[in-house]
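> Got a sequence here, can you build the structure:
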Amino acid sequence: MTKLSFTEYLDLDKKISEKCHKLNIKTKIALLGSFTLNGFKETLSVKCYNAGVKASFFVSDYNRYMNEMLQAGSGLYRFKPDITYLMVDAMSLLGDIYFNPYSVSLKKRKETARYSYMKLHTIIKKFLRSGAGILIVNNLMIPSYSPLGIMEAKQEFGYLEMIKDINRRMKALNREKNVFVFDYESFCSKIGKDNIIDDKLFYLADMKISPDIIPILSEEYMRYVKARTGLAKKCVVLDLDNTLWGGILGEDGYEAIKLGSSPPGNAFVEFQKSLLALFQRGIILAINSNNNRDDVMEVFKRHPAMILKERHFASMKINWENKVKNLVEISRDINIGLDSMVFFEDDKRIRRVVQEALPEVICPDLPEDPSGYLRLLTEIKEFDTLQFTKEDKKRGGMYASERKRKESIATFDDLAQYLGHLKIELEVRRADKFSIPRLAQLTQRTNQFNFSTKRYDEAGIKNLAGDPGHEVYHIRVKDKYGDYGIAGLVIVRQKDKTWHIDSFLLSCRVLGKNIEDAVIADILKKARKQGVRIVTANYRKTKKNTPVARFLKGYGIFTHPARSGGVNITLYEENKRLKFNKIDHIRVT
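Numbers count the residues shown, from 1 in each chain. Have a look, this model is predicted:
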């Protein structure tokens, strides 16, 4: 995509306002700062629109961030943001001491650093108690100069060390749920600290970030938006020849491919190591290669420098089919959308074909020199999540087990026989402190089987789980091939003899096995036992959650518009019970 200038973002923001209503994904963003924030709203608005997100904004008045965060009922809290960005600079935080650090004693410098951090900590604690979504707070840019010049290094707790001390203290804020400290100091170092401030605009308008830098910083901020709205990528699909190793396997043979400790083979080894690290944090790996399968399997089994093994791949399309077709089949195999994929392919012609046929798939432009592959992979900002759980560590292995499940289907005469063979066990239990982080993550990442597509953070799930008017259930699934872990969520709002299912979602890993039928049947069983007269649910149709529509079709479910958007679905009403699929092959515990 062509990079836009700051003024182009301002112009585009005016043009997209009428188009945003067509977007299904919505988020509310608050911008707070100790300096002028002009241009951030417009730039983020355009970037959100390009990502398929309709964003609404709250921008605090100049240097009013403390009032907004400390006062109950302030404009910030009335706005109820999903994401809040807090940008505070060292000059504002330290006051006059920023310019004259050595006019005060060593003791005073230490007190100032501690007090400056405590001011931030106080307002952040107040923000967290409000339950107003997630907070991203910048740490401080460390100046590249000192009033003492080279003698700065000789000072005890000098000027630069004061600011480093505040950053060190701020790092601990990452341990707070729903707080992320953005490493603004590293960002400025990467960009070049001399480029961060436009001196003229600084003196004219107290703009402490140059307009040229705002689009670059906003791109970093978009990582949190994408993670919060479920737009993060889940799967890396890989070509093989000249991608995972150098050379053409079919022409060069197993022994001659370039993969090992000497150049250029060492570049491919390091690339594979980085891919393995992604696998270990929960990113799915798949193969899309025009090759002979037996030749490829020999490389996986016998080549001593091969880091990735067959067990690391959830789907392996090794054939002579069109790669567009293979990508579509990989999407079906893994039960994820094409827009969840990043495809690494060295042939620019194939990349062009894929981008034209499947524009939702990201196809990075691989450099001609493989020494650039690792840098390219690490610069992709599409894999972020807001939680990292035990299930994430297991996800890659779970998908590899799923491939074995699907390969075993061929040995059965029909689907029912196969499902019986799996010996599926299902647990529907109340959420607890161990499951809440995973449940919050599921609401942020699950798009396909998701009734309402509501997104919750950990605090939101915890509050609902502790509310007498709600029940929050986690769904755990396992079968003879392994444990899927916590793969679903149901949130029920209870009032008198009425239950309303606020959220019902399942990970794509467990779809196609009638798990959804078993969960609903169990929820309705619980409701009937408690004398509930009616059970409803909210269904908000999106481009991605068509599996929900397929699930509902054929049950004779009647609907009516809901105030929250979408439609309300009646799943159960006294004397008007719906008949759900027979689910004898699933044991509910």
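> Surely residue 503 is in contact with residue 489?
Yes: proximity of residue 503 to residue 489 meets the contact threshold set by C-beta atoms under 8 Å, at 6.1 Å. Bear in mind the C-beta positions are built from the backbone N, C-alpha and C, glycine included.
> Can you give me the neighbour number for residue 212?
Each residue near residue 212 was counted by other C-beta atoms under 10 Å, and the total is 13.
> Name the residues of stretch 447-454 that are buried.
447-453 (16 or more other C-beta atoms under 10 Å).
> Could you save these as TSV and add columns showing secondary structure?
Supplementary listing: the buried residues of stretch 447-454 in TSV, determined by DSSP: H, G, I helix; E, B strand; the rest coil:
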residue	secondary structure
447	coil
448	coil
449	strand
450	strand
451	coil
452	coil
453	coil
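> Would you point out the most distant pair within those?
448 and 452 (13.4 Å; C-beta to C-beta).
> Common neighbours of the two, please.
Here residue 448 and residue 452 have no joint contacts, going by C-beta atoms under 8 Å, 6 or more residues apart in numbering.
> and this structure, what are its domains?
Following automatic domain parsing, the chain resolves into domains at 6-228, 235-379, 403-588.
> possible to save these as a markdown table with distance to residue 393 and mean pLDDT?
As requested, those are arranged in a markdown table below (distance: least, C-beta to C-beta, whole Å; pLDDT from 0 to 100):
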| stretch | distance to residue 393 | mean pLDDT |
| --- | --- | --- |
| domain 6-228 | 18 | 94 |
| domain 235-379 | 7 | 95 |
| domain 403-588 | 10 | 84 |
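> Let me have those in CSV, extended by distance to residue 395.
Output for these, formatted as CSV (distance: least, C-beta to C-beta, whole Å):
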stretch, distance to residue 395
domain 6-228, 16
domain 235-379, 4
domain 403-588, 8
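> which element is residue 136 on?
strand 134-138 (DSSP states H and E).
> for that strand, packing partners?
Judged by 3 or more C-beta pairs under 8 Å, 6 or more residues apart in numbering; DSSP states H and E, the packing partners of strand 134-138 are strand 83-87, helix 106-130, strand 179-182, helix 214-228.
> coming back round to it: tabulate the buried residues of stretch 447-454 (a markdown table), appending distance to residue 263.
Converted to a markdown table, the buried residues of stretch 447-454 look like this (distance: C-beta to C-beta, whole Å):
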| residue | distance to residue 263 |
| --- | --- |
| 447 | 42 |
| 448 | 43 |
| 449 | 47 |
| 450 | 47 |
| 451 | 53 |
| 452 | 53 |
| 453 | 48 |
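> closest to residue 40 among those?
Looking across the buried residues of stretch 447-454 and measuring by C-beta to C-beta, the closest to residue 40 is residue 453, at 26.5 Å.
> for the residue lying closest to residue 492 once chain neighbours are set aside, what are its contacts?
Spatially, and ignoring its direct neighbours in sequence, residue 492 is nearest to residue 471 (4.4 Å; C-beta to C-beta, 6 or more residues apart in numbering). Residues near residue 471 by C-beta under 8 Å, 6+ apart: 430, 490-492, 494.
> cool, and residue 183?
Counting by C-beta under 8 Å, 6+ apart, residue 183 has contacts residue 139.
> How about the secondary structure of residue 27?
strand.
> Likewise for the one 5 residues further on?
Reduced to three states with three-state DSSP, the structure at residue 32 is strand.
> Please shift the residue numbers so they start at 364 in all later answers.
Renumbered: residue one is now 364, and that last one reads residue 395.
> looking at it, it is touching residue 424, isn't it?
No: with contact defined as C-beta under 8 Å, residue 395 does not reach residue 424; the gap is 9.8 Å.
> The two - which one has more neighbours?
When residue 395 and residue 424 are compared for neighbours, residue 395 comes out ahead with 27 against 11, by other C-beta under 10 Å.
> From residue 423, how far out is that one?
5 Å (C-beta to C-beta, to the nearest Å).
> and for these two, which residues touch both?
431, 439.
> Okay, buried residues for stretch 744-754 please.
745-750, 752, 754.
> can you redo the residues you listed as JSON lines with distance to residue 432 and secondary structure?
Below are those laid out as JSON lines (distance: C-beta to C-beta, whole Å; DSSP: H, G, I helix; E, B strand; the rest coil):
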{"residue": "745", "distance to residue 432": "31", "secondary structure": "coil"}
{"residue": "746", "distance to residue 432": "31", "secondary structure": "coil"}
{"residue": "747", "distance to residue 432": "25", "secondary structure": "coil"}
{"residue": "748", "distance to residue 432": "26", "secondary structure": "coil"}
{"residue": "749", "distance to residue 432": "21", "secondary structure": "coil"}
{"residue": "750", "distance to residue 432": "24", "secondary structure": "coil"}
{"residue": "752", "distance to residue 432": "29", "secondary structure": "coil"}
{"residue": "754", "distance to residue 432": "33", "secondary structure": "helix"}
